[in-house]
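Peer 1: Below is the sequence, then the predicted model.
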Amino acid sequence: MIELLEGEKLFKTANSLFFYKKGRATIGPARTPYDILFRNAGKQGRWNVAVKPLVVGLCPSDMAGGMLEFPPSSTRSLSDPKNPAVAGHEFVGRVIAASKTACGELRRRGISLGDLVAGDINVGCGFCSQCKRGDPAVYCLQGATFAGVGSSPHGADWVQRQTGRPHVPGAYTEGFIVLPASNVHKVPRQAVKNVKALALFCQADAVACAKTSCNIMGLVTFKQMRGFDNPSVLVIGAGRLGTWHIAVIKDILPNARIFVADIKQANLKSIASLFGISKNRQYYVRGKHSFLRRHIENVFGKNKFFDFIIDTAGHGVLTGRAITDMILLNVAPGGRFWTTSHTGIPGVDAGHPMILLGSKSFGNGLSPQNNFPYAVDFLAKYAKQYIHCLAELPNGLADKRLARIVATGGSGHKRKESGIIFYSIVNQPNL
Ligand SMILES: [Zn+2]
Ligand SMILES: [Zn+2]
């Protein structure tokens, strides 16, 4: 019924990092998704692949999941030991068990037990019209679930029916995570020469999100549509998401003119050297109202407009009013203002007549959608360039302080330590 990788065991309980109340996480024994795997194996269910996480990436969406801010109106139970809210949604691991059906499905995609995979924790119901036609999980009409983060409130019903739980545990565990076979993506073995090279692939989710941004805001089709290939792009926030956005833009439109803004000089410096961004295209942001038209002209010169402004600065940094003004005054006609915020930004007047007349628009590209295969290829191709951006949070789940770092989104830690992309080794990879 279940095929198990030699030398592995499926435990019912494992040391894990989980939220026990709103905003508070701890590390200790927690129920593994053993029940989910066996419930699905017998009934030919979809939750039929067990992946032992090896490296988990630090991402503030874990905090949002623990604060019940994401998914919007989340009803995730945080104090129920039967449904522990195990965090961790960006990871790379090893396939250690799969049902017979799943083994066949994986084999058709060139994946066997023991292979290294990046896991996509976004799961749709699998039976609605959107899911059936192959749309991304976030488009699921029944409401998607995000393993390790929570379920959309109206999605909790189908998740309960399929898994026996209202939400599914994540990757910060010494046990395993269970996903549908279609949600694991093979990491090419030759790209993984050491643990750090493996760790890079826990960024597949973030790279896939950046690709979603580029797809939806029309950067991928830009040259075709506009007839030139060097749009001006301002990226606000030179952290992890800013880095991946620029990296993907450079992959798609190498001639794009990149401008970058951040409140941290160290971040600006590292992103500038990574991508060769000259001083006159960097904006060291200080004080409030930094993106008023006159400040932009002061920094970047008169008549400087952007075809794309991408706000990766995080929740609440730019207000709806400030964004509306930026779209009106700093975005070029035909341009886009994109945000990576997933908790909503009230007060953006996206229907302002001048925004409509100028064919400008406002949107978001947060989900990895169907871009995991692109992301895995991308990371294999550019590993040398980006591997230096990674920094390990030492001792994995053995260091209890990790719980606080994850629960607070890691911003305090990032202030103290240098580096923009952090990861934890939760199980020894034994490569
Ligand atoms: Zn994330
Ligand atoms: Zn669906």
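Peer 2: Cool, the structure landed. Numbers count the residues shown, from 1 in each chain. Ligands and ions are numbered 1, 2, ... in the order given.
Peer 1: Let me see the contact set for Gly239.
Peer 2: The contact partners of Gly239, by C-beta atoms under 8 Å, 6 or more residues apart in numbering, come to 262, 267, 312, 314, 414, 420. For the C-beta atoms, the positions are set from N, CA and C on the backbone; glycine is no exception.
Peer 1: Which ones among those residues lie within strands?
Peer 2: Of the contacts of Gly239, the ones assigned to strands by DSSP state E are Asp262.
Peer 1: Export the contacts of Gly239 to a markdown table and append columns for neighbour count and pLDDT.
Peer 2: What follows is those, written out as a markdown table (neighbours: other C-beta atoms under 10 Å; pLDDT from 0 to 100):
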| residue | neighbour count | pLDDT |
| --- | --- | --- |
| Asp262 | 24 | 95 |
| Asn267 | 21 | 92 |
| Thr312 | 25 | 94 |
| Gly314 | 17 | 77 |
| Lys414 | 20 | 77 |
| Ile420 | 21 | 87 |
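Peer 1: Most widely separated two among the contacts of Gly239?
Peer 2: Greatest spatial distance in the contacts of Gly239: Thr312 and Lys414, 13.8 Å, computed using C-beta to C-beta.
Peer 1: Not counting its neighbours along the chain, what's nearest the residue of the stretch 101-250 of the chain found nearest ligand 1?
Peer 2: Of all residues in the stretch 101-250 of the chain, Asp205 sits closest to ligand 1, at 5.6 Å by C-beta to the ion. Nearest residue to Asp205 in three dimensions, chain neighbours excluded: Glu90, at 4.5 Å (C-beta to C-beta, 6 or more residues apart in numbering).
Peer 1: Quick check: the one you found touching Leu200?
Peer 2: No. Taking C-beta atoms under 8 Å as the definition, Glu90 is not a contact partner of Leu200, at 11.6 Å.
Peer 1: coming back round to it: checking my notes, the residue of the stretch 101-250 of the chain closest to ligand 1 in a strand, right?
Peer 2: No. Secondary structure of Asp205 (DSSP: H, G, I helix; E, B strand; the rest coil): helix, not part of a strand.
Peer 1: shouldn't it be in contact with Asn371?
Peer 2: No. With contact defined as C-beta under 8 Å, Asp205 does not reach Asn371; the gap is 9.4 Å.
Peer 1: what's the distance between the closest residue to Ser270 other than its chain neighbours and Lys269?
Peer 2: Nearest non-adjacent residue to Ser270, counting by C-beta to C-beta, 6+ apart: Ile420, 6.9 Å away. Separation of Ile420 from Lys269 (C-beta to C-beta, to the nearest Å): 11 Å.
Peer 1: Provide a list of residues in contact with the nearest residue to Gln44 once chain neighbours are set aside.
Peer 2: Excluding the flanking residues, the one nearest Gln44 by C-beta to C-beta, 6+ apart is Thr101, at 5.6 Å. Neighbouring residues of Thr101 by C-beta under 8 Å, 6+ apart: 44, 48, 181.
Peer 1: So what's the gap between the one helix or strand Thr101 maps to and the chain middle?
Peer 2: Element membership of Thr101, judged by DSSP states H and E, is helix 100-108. The chain centroid and the centroid of helix 100-108 are separated by 26 Å under C-alpha atoms, centre = their mean, to the nearest Å.
Peer 1: Following element in sequence after that helix, please.
Peer 2: Next along from helix 100-108, by DSSP H and E: strand 116-119.
Peer 1: Show me how far that next one is from its chain's centre.
Peer 2: Between the centre of strand 116-119 and the centre of its chain there are 14 Å (C-alpha atoms, centre = their mean).
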